[in-house]
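**Student:** show me the folded form of this:
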Amino acid sequence: MGKIIIDGKDLILGRLASRVAKMLISGDEVIVLNVEKIIVSGKKERVIKGYRLLFEVRTLRNPEKHGIRRPRNSVSIFKRTVRGMLPKNKSRKEMLSRLKVYVGIPDEFKNSNPVSLPEASKARLKSKYVMLEEISRELGGRV
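**Tutor:** Numbering: from 1, shown residues only. Purely as a prediction, here's the structure:
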């Protein structure tokens, strides 16, 4: 039940999001810094194509109507990923309220000591990757 600060630089999106979800479930307040430098494994073209396909969802009854609104900026993409890993009950909203995500490092966290997550680091990755910042730009969002 404490405050956990994580620097997202060079951490893998899925692994980081699952760890953050576990922390939120246990009742901790989680702060993620440098969210634009989180990485997604895979070739750039394939990853961006996968995110773009999410925007092309149409309904069966009305093919002219688009599907749900999808996140475009890196903060929203990360929050949406964590949300998908939380249990689907009434406390999900309360858990998400304990998650704070920042682009870069705000002044109030300059001197903080972030927690290291070696199991989510880029060092274990052997393939190509894309930063969340690049995905956000390709989708037309701000960083």
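**Student:** going forward, measure contacts and count neighbours with C-alpha atoms only.
**Tutor:** Noted.
**Student:** which residue ranges form the strands in the protein?
**Tutor:** 3-7, 29-33, 39-41, 99-101, 129-131 (DSSP state E).
**Student:** for the second one, give me every contacting residue.
**Tutor:** Under the criterion CA atoms under 8 Å, 6 or more residues apart in numbering, residues 1-9, 20, 23-24, 98-105 lie in contact with strand 29-33.
**Student:** using CSV, list the CA coordinates for the lowest-mean-pLDDT helix or strand in the chain.
**Tutor:** Every helix and strand in the chain was compared by mean pLDDT, DSSP states H and E; the lowest is helix 44-55, with a mean of 78. Taking Å, rounded to 0.1, in the frame of the first residue of the first chain, the C-alpha atoms of helix 44-55 are listed here in CSV:
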residue,chain,number,x,y,z
LYS,A,44,7.9,-1.3,-37.0
GLU,A,45,5.6,-1.8,-40.0
ARG,A,46,3.9,-4.8,-38.5
VAL,A,47,3.3,-3.2,-35.1
ILE,A,48,1.9,0.0,-36.6
LYS,A,49,-0.3,-2.0,-39.0
GLY,A,50,-1.7,-3.9,-36.0
TYR,A,51,-2.6,-0.7,-34.2
ARG,A,52,-4.0,0.8,-37.4
LEU,A,53,-6.3,-2.2,-37.9
LEU,A,54,-7.9,-1.4,-34.5
PHE,A,55,-9.2,1.9,-36.1
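**Student:** center of this structure - which residue?
**Tutor:** Nearest to the geometric centre of the chain sits F78, at 1.7 Å (CA atoms, centre = their mean).
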